[in-house]
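1. how would this look folded up:
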Amino acid sequence: MSIRKSNLDRLLAQDGPIILDGGLGSELDRRGYDISTPLWSAELLMNNPQAIKDIHRAYLDAGAQCITSASYQASIAGFGAMGLSPERARELFVKSVDLAKSAVDEFLQHKPDCGYQPLVAASIGPYGAYLADGSEYSGDYGVNDATLLEFHQQRLLWLDAAGADVLACETIPSLQEARVLRQLLEKVNTPAWISFSCQDERYLNDGSMLRQAVALFEQLPGVVAIGVNCTAPQYIQSLIGEIKAASWTRAIVVYPNSGEHYDADDKAWHGTETPLECAVAARGWYQAGAKIIGGCCRMGPAHVREIATELNADKQ
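-> Predicted coordinates:
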């Protein structure tokens, strides 16, 4: 399939970083919305789309040049469990992209002189996000390739047709799921990035080497960036080095968690990583070779604002 040109190509060709948004689900939770169902933030596509749009806009106002759709947890099976038909599921996938695009349009109306066209990334989360059992942190799904293929294929094709600037296959924890996505990405027209979830400085959550996963996509030109997300920030610098060591010459994307850790016993987050600390770390990631930089869980608009301020300081 031929990969269509998008606004992403223009930003990738420019000097300087591309600022990505932060976590959507964790920001909804911080604002008091109930995201405790298996659909997580995707349920608000049905029940409160304005809440999603408000957060998209908050990230744009904070300096994000790329925002991510509320489709990470969305799946045909997940929507089906809520009694929705496949056609209604398709409508909600498209709606996730349309909400982000609408937020971009509103932002540009209020700030037409910002100097760039913000991007919309269509989020494609891992199979483990649908299972909602934490298995995306181990990569051990206990299913075969055919199951993963069936799970991802239709949602990926729907998002491919939805008009996003890039498909963001993110929090991928295993070499198995990476291979399946590589097969499916041969059939899409939208540029894509692949972002892996890693347990330490070298390995995916399933124990595979990050270098092995990167090598899968070397001959797939539609994959315009590879990187790491939903990973502790202290590992990011080394993981950028691992990606470069795999002879990857296209863009690198990184958007780690805040550095806090979740205690399942008391159902609370512990530790802290201030927005300013994250911004200082982000400069190191940029200097190490990352092009697209943002945040994941527990990284909100305040973090993105500090990252944007830090990384854009040289442009002043």
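
2. quick one, helices of the chain?
-> For the chain, the helices defined by DSSP state H cover 7-13, 25-30, 44-47, 49-62, 76-81, 86-110, 127-131, 145-160, 175-185, 210-215, 236-245, 275-288, 301-311.

3. Against which helices or strands is the first one packed?
-> Read it as helix 7-13. Helix 7-13 sits against strand 119-124, strand 223-229, with contacts defined as 3 or more CB pairs under 8 Å, 6 or more residues apart in numbering; DSSP states H and E. Bear in mind the C-beta positions are built from the backbone N, C-alpha and C, glycine included.

4. do that again at 6 Å, thanks
-> Helices and strands touching helix 7-13, by 3 or more CB pairs under 6 Å, 6 or more residues apart in numbering; DSSP states H and E: there are none.

5. same question, the third one
-> Contact analysis of helix 44-47 by 3+ CB pairs under 6 Å, 6+ apart lists helix 86-110 as its packing neighbours.

6. got a list of what I243 touches?
-> Going by CB atoms under 6 Å, 6 or more residues apart in numbering, I243 touches V214, I226, I252.

7. Roughly how far does the second one sit from G142?
-> I226 sits at a distance of 26 Å from G142 (criterion: CB to CB, to the nearest Å).

8. who has more neighbours, the two?
-> Per other CB atoms under 10 Å, whichever of I226 and G142 has more neighbours is I226, with 25 against 7.

9. Identify the residues contacting the more buried one.
-> I226 touches I194, V214, I243, W248, counting by CB under 6 Å, 6+ apart.

10. just E177 next, same as before
-> P126, L148.

11. do the same with V188
-> Contact partners of V188, counting by CB under 6 Å, 6+ apart, are D160.

12. Find the nearest non-adjacent residue to P256, please.
-> Beyond its immediate neighbours in the sequence, the residue positioned closest to P256 (CB to CB, 6 or more residues apart in numbering) is P233, lying 4.3 Å away.

13. can you count the residues close to the one you found?
-> 22.

14. still on that earlier bit, how about the helices of the chain in TSV, adding distance to P256 and mean pLDDT?
-> Below are the helices of the chain laid out as TSV (distance: least, CB to CB, whole Å; pLDDT from 0 to 100):
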stretch	distance to P256	mean pLDDT
helix 7-13	21	88
helix 25-30	13	88
helix 44-47	24	89
helix 49-62	16	97
helix 76-81	26	91
helix 86-110	22	97
helix 127-131	17	91
helix 145-160	24	98
helix 175-185	19	98
helix 210-215	14	98
helix 236-245	5	98
helix 275-288	8	89
helix 301-311	10	95
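
15. Would you mind telling me which of those is nearest G259?
-> In terms of CB to CB, the element of those nearest to G259 is helix 275-288, at 7.7 Å.

16. If you compare the directions of the closest one and strand 223-229, what angle comes out?
-> Angle of helix 275-288 versus strand 223-229, following axes from the mean of the first three to the mean of the last three CA atoms, to 10 degrees, is 140 degrees.

17. packing partners for helix 275-288?
-> So helix 275-288, by 3+ CB pairs under 6 Å, 6+ apart, packs with helix 236-245, helix 301-311.

18. which residues touch it?
-> Residues contacting helix 275-288 (CB under 6 Å, 6+ apart): 17, 233, 236-237, 240, 254, 293, 302-303, 306-307, 310-311.

19. Can you tell me which of those are buried?
-> P17, P233, I236, Q237, I240, V254, I293, H303, E306, I307, E310, L311 (16 or more other CB atoms under 10 Å).

20. Max pairwise distance over those residues: which two?
-> I240 and E306 (19.9 Å).

21. which residues pair with L204 across the strands?
-> Beta bridges link L204 to C198 when assigned by DSSP bridges.

22. shouldn't it be in contact with R211?
-> No. Contact criterion CB atoms under 6 Å: L204 and R211 do not qualify, at 10.2 Å.

23. I'd like the distance between the closest residue to A74 other than its chain neighbours and Y72.
-> Closest residue to A74 apart from its sequence neighbours, by CB to CB, 6+ apart: A42 at 4.1 Å. A42 sits 7 Å away from Y72, going by CB to CB.

24. Which one's more surrounded, the two?
-> Shown here are A42 and Y72; by other CB under 10 Å, A42 has more neighbours (30 against 23).

25. what sits against that one?
-> If you count contacts by CB under 6 Å, 6+ apart, A42 has them with A70, Q73, A74.

26. hmm, back to that, need the contacts of I226 in JSON lines (columns: distance to R57).
-> Formatted as JSON lines, those follow (distance: CB to CB, whole Å):
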{"residue": "I194", "distance to R57": "27"}
{"residue": "V214", "distance to R57": "34"}
{"residue": "I243", "distance to R57": "32"}
{"residue": "W248", "distance to R57": "33"}
